[in-house]
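1. Fold the following, please.
(chains A, B, C and D)
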Number of protein chains: 2
Amino acid sequence: MAPTIKEIAARAHVSIATVSRVINKDPRVTKETRAHILNIAEKLEYRPNILARNFAQKKSNLIGLILPEISDEYFTEVIKGVDEIAFSQNLYTVVASSHKYKSLKDEVVTFIRNGLLSGLILLVSYLDDELSSILSKSHLPVVIINSNSKNKKFDRIGIDDYYGSFSMTTHLIKKKHYDFLSHITGPLDNDDAGLRKDGFIDACKKYGVKYVIEKGDFSQEGGFNACKKLMNLKSRPQVIFAANDMMAIGCYDYLKQNKLEIPSDIGVVGFDDIFVSQYLNPPLTTVHVNIEEVGKRAAELLLNKIQGSNNIPVSVVHIPTELILRESC
Amino acid sequence: MAPTIKEIAARAHVSIATVSRVINKDPRVTKETRAHILNIAEKLEYRPNILARNFAQKKSNLIGLILPEISDEYFTEVIKGVDEIAFSQNLYTVVASSHKYKSLKDEVVTFIRNGLLSGLILLVSYLDDELSSILSKSHLPVVIINSNSKNKKFDRIGIDDYYGSFSMTTHLIKKKHYDFLSHITGPLDNDDAGLRKDGFIDACKKYGVKYVIEKGDFSQEGGFNACKKLMNLKSRPQVIFAANDMMAIGCYDYLKQNKLEIPSDIGVVGFDDIFVSQYLNPPLTTVHVNIEEVGKRAAELLLNKIQGSNNIPVSVVHIPTELILRESC
DNA sequence: CTGTTAGCGCTTTCAG
DNA sequence: CTGAAAGCGCTAACAG
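-> Here you go, the predicted model:
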């Protein structure tokens, strides 16, 4: 049997309270008794029972990370970032991705109600009122990864989608001298997609160039289909700005199938800078997002909330983006 | 305050034991009392306190998934597979990747000793005796993801590296008629790397073709450097079989820099079939491995151990591989 | 079928 | 500075 504080206490001829204090680095113990107890604990290879501790303290050493279905790469980077920060503070990360048989909302509710977690990081494409109210009612520290600035109730970490998209579009117009652009959007209810679209449109309007918008869904297939529609227009745009790289890849697929050359026949650019983008033929010009940083900052924010007093003001972090110029436009 | 079984019991005029039985679907309760209790529980929005339950039962609803540093894509796929199966059984997945300040061994020990987890899935490139004995001493259900068949003590799930490599090499020799091949290995202490190397060598020997081995490390840079050495040989091999796709990408980088054409100047093939491989120029011929399946099977094996009696014989699952023929050789 | 009771291992007042 | 004791919410014998 694994030793308990009771056993340590018996062998050290002290009370369990004192042992507990030593284990928890409570200063109100003399050096001598501390050393003595530590010595015995060491000998017995004592390790606190986390389950008991969590129960007694009514809090766990676990934080939850809930991810909706999302592109694989994004997924990994966020997990890595969160885990790195959490682990360094002796917290463990419980991941859950959305599953067919359970909605995101149910999953969140389950996690909140069962009291397993001490904090929650939630990656959502869109935060509706119901979810928002569920979250505020639970008094669990929560950090949202979402780029919509309307959301003011929670600590939030977002991507600078608007600016990234605006810069890319400006680059296309001012540096590449395109004057008829197109944009393939992400899903309409996705906040990142919305901001990217807005940035594109605003830049086009600012410089008075012609543009066309095609609806996509962030998937490779969606990009393929949108590209097809765009190429079948009576007057074709000169360049396609896909709202993410996966859709840009879909465009590459369609264009290759139809023997259209990038960038001579048409330019293609993306957003995200996923790993594959640099290896495409031609390498994809895109907007880089440091996703691991998103995860790290989210975890940091959460730890502040968990450890700090609970009247810290809501904070918002924006992860900057960066234009990556390659050869696809 | 969240309601407890005590409160439910009081309102229902029954004992807490009866409430507990109802919550745990113990059949020894009459329909009527069951309905009555359920009704009250519902009204109070009762949710069992998992922390208390875990503590009382001395087991948690958590399984651990420990991953060493590894290529991102591999990482994600395994997590997805494990989580999908675990979640369907109401178990949560705690992920931990190796960290600078903590060795894999320390991490495993921490997890085992603190009693947080009910089971552990361990992805290791090489299982040494020390780790092995730590694992057997803990009576925690463990499943290892590792391809070395010498390991007979644990449930294990491995990749059919040897066969995949042997097939690929055979294809290179018999179908593509190369008669001077080269292989860039992974790290020497990695079991998958070892098996891939063995498969390569055995096939070369079987057909009596000339070959050369260069040491790599599974990284893109390692592939680049190994490729360079190979290309500087007085007599150059006709094809490079990199032990994974990342190194094949490193080869692509080197060859492109040196204006060498694939496959006309030299063929390149890989192993893993990561996402990017199909988009390389030219698309990479490689050996496909279904990593998500690895994760799923690992989770299934673990759940069997956790739920089943503990005298289930050790089982070993091999995930098959598949040749993916594209245009790089 | 239902109730009583004794903990699980640890934290945390409250005394001393 | 240290000890005694209560109790976190639930499970699991054991009685009845």
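2. so who does A:Met168 touch?
-> Neighbouring residues of A:Met168 by Cβ atoms under 8 Å, 6 or more residues apart in numbering or on different chains: A:199-200, A:241, A:269, A:271, A:287, A:323. Every C-beta, even on glycine, is put in place using the N, C-alpha and C of the backbone.
3. Show me those residues that map onto helices.
-> A:199-200 (DSSP state H).
4. Show me the contacts of A:Met168 that map onto strands.
-> Per DSSP state E, strands hold the following members of the contacts of A:Met168: A:241, A:269, A:287, A:323.
5. can you give me the helices for chain A?
-> A:5-12, A:16-23, A:31-43, A:50-57, A:72-88, A:104-113, A:129-137, A:161-170, A:191-207, A:220-231, A:245-257, A:291-307.
6. could those go into CSV alongside distance to B:Ile319?
-> Shown next, in CSV, are these (distance: least, Cβ to Cβ, whole Å):
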stretch, distance to B:Ile319
helix A:5-12, 45
helix A:16-23, 44
helix A:31-43, 43
helix A:50-57, 33
helix A:72-88, 19
helix A:104-113, 29
helix A:129-137, 38
helix A:161-170, 39
helix A:191-207, 35
helix A:220-231, 25
helix A:245-257, 26
helix A:291-307, 28
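7. Type out the PyMOL command that picks the buried ones from the contacts of A:Met168.
-> In PyMOL syntax, the buried subset of the contacts of A:Met168 is picked out as below (16 or more other Cβ atoms under 10 Å in any protein chain shown):
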select buried, chain A and resi 199+200+241+269+271+287+323
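8. and the two most separated of the contacts of A:Met168?
-> With distances taken as Cβ to Cβ, the most widely separated pair in the contacts of A:Met168 is A:Phe200 and A:Leu323, at 13.9 Å.
9. low pLDDT regions in chain A?
-> Applying pLDDT under 70 to chain A flags residues A:69-72, A:99-102, A:309-311.
10. So which residues on it come close to DNA strand D?
-> Residues of chain A lying close to DNA strand D by Cβ under 7 Å from any atom of the strand are A:13-18, A:21, A:27-30, A:32-34, A:55-56, A:58.
11. which of these are close to chain B?
-> Among the residues of chain A next to DNA strand D, the residues within reach of chain B (Cβ under 8 Å from any Cβ of the partner chain) are A:55, A:58.
12. Could you turn the buried ones of the residues of chain A next to DNA strand D into a ChimeraX selection?
-> Restricted to buried positions by 16+ other Cβ under 10 Å, the ChimeraX selection for those reads:
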select /A:14,18,21,29,33,34,55
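13. out of the residues of chain A next to DNA strand D, which touch DNA strand C?
-> By Cβ under 7 Å from any atom of the strand, the members of the residues of chain A next to DNA strand D lying near DNA strand C are A:16-17, A:21, A:55-56.
14. got those residues as CSV, with distance to A:Arg297 columns?
-> CSV is the format used below for those (distance: Cβ to Cβ, whole Å):
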residue, distance to A:Arg297
A:Ile16, 41
A:Ala17, 40
A:Arg21, 35
A:Phe55, 31
A:Ala56, 32
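15. Please identify the one among those that lies nearest to chain B.
-> The shortest gap between chain B and any of those belongs to A:Phe55, at 4.0 Å (Cβ to the nearest Cβ).
16. how close does the nearest residue to that closest one once chain neighbours are set aside sit to A:Ala52?
-> Of all residues not flanking A:Phe55 in the chain, B:Phe55 sits nearest, at 4.0 Å (Cβ to Cβ, 6 or more residues apart in numbering or on different chains). Distance, B:Phe55 to A:Ala52, using Cβ to Cβ, to the nearest Å: 6 Å.
17. again with A:Lys234
-> According to Cβ to Cβ, A:Lys234 stands 72 Å off from A:Ala52.
18. Which of those two has more residues huddled nearby?
-> A direct count of neighbours by other Cβ atoms under 10 Å in any protein chain shown for A:Lys234 and A:Ala52 places A:Ala52 higher, at 16 against 4.
19. In contact with A:Arg236, which residues?
-> Applying Cβ under 8 Å, 6+ apart to A:Arg236 gives the contacts A:180, A:230, A:266.
20. how about a cut-off of 7 Å?
-> Residues counted as contacts of A:Arg236 (Cβ atoms under 7 Å, 6 or more residues apart in numbering or on different chains): none.
21. Would you quantify the distance from it to B:Tyr254?
-> Distance of A:Arg236 to B:Tyr254, given as Cβ to Cβ: 38 Å.
22. So which residues on the stretch 51-200 of chain A come close to DNA strand C?
-> So the stretch 51-200 of chain A meets DNA strand C at A:52-53, A:55-57 (Cβ under 7 Å from any atom of the strand).
23. from the residues you listed, which single one is nearest DNA strand D?
-> Proximity of those to DNA strand D (Cβ to the nearest atom of the strand) peaks at A:Ala56, which lies at 4.0 Å.
24. what about the closest residue to DNA strand C within the stretch 101-250 of chain A, neighbour count?
-> In the stretch 101-250 of chain A, the residue that lies nearest DNA strand C is A:Ser118 (13.3 Å; Cβ to the nearest atom of the strand). Residues near A:Ser118, counting by other Cβ under 10 Å, number 22.
25. The one 10 residues further on now?
-> By the criterion of other Cβ under 10 Å, A:Asp128 has 12 neighbours.
26. which residues touch the residue of the stretch 101-250 of chain A closest to DNA strand C?
-> Contacts for A:Ser118 (Cβ under 7 Å, 6+ apart) come out as A:59-63, A:306.
27. residues in contact with A:His318?
-> Going by Cβ under 7 Å, 6+ apart, A:His318 touches A:158, A:160.
28. let's see 8 Å
-> By Cβ under 8 Å, 6+ apart, the contact set of A:His318 is A:157-160.
29. can you list the residues of the stretch 51-200 of chain A near chain B?
-> A:51-52, A:54-55, A:58, A:60-62, A:72-73, A:75-77, A:79-80, A:83-84, A:87-88, A:92-97, A:99, A:101-102, A:113-116.
30. again, 7 Å this time
-> A:51-52, A:54-55, A:60, A:72-73, A:75-76, A:79-80, A:83-84, A:87, A:92-97, A:99, A:113-116 (Cβ under 7 Å from any Cβ of the partner chain).
31. Just give me the neighbour total for A:Asn281.
-> Using other Cβ under 10 Å, A:Asn281 is surrounded by 15 other residues.
32. Not counting sequence-adjacent ones, nearest residue to A:Ile5?
-> With Cβ to Cβ, 6+ apart, the residue lying closest to A:Ile5 is A:Val19, at 4.3 Å.
33. so how far is chain B from A:Val19?
-> Distance, A:Val19 to chain B, using Cβ to the nearest Cβ, to the nearest Å: 17 Å.
34. Many thanks, I have nothing further to ask.
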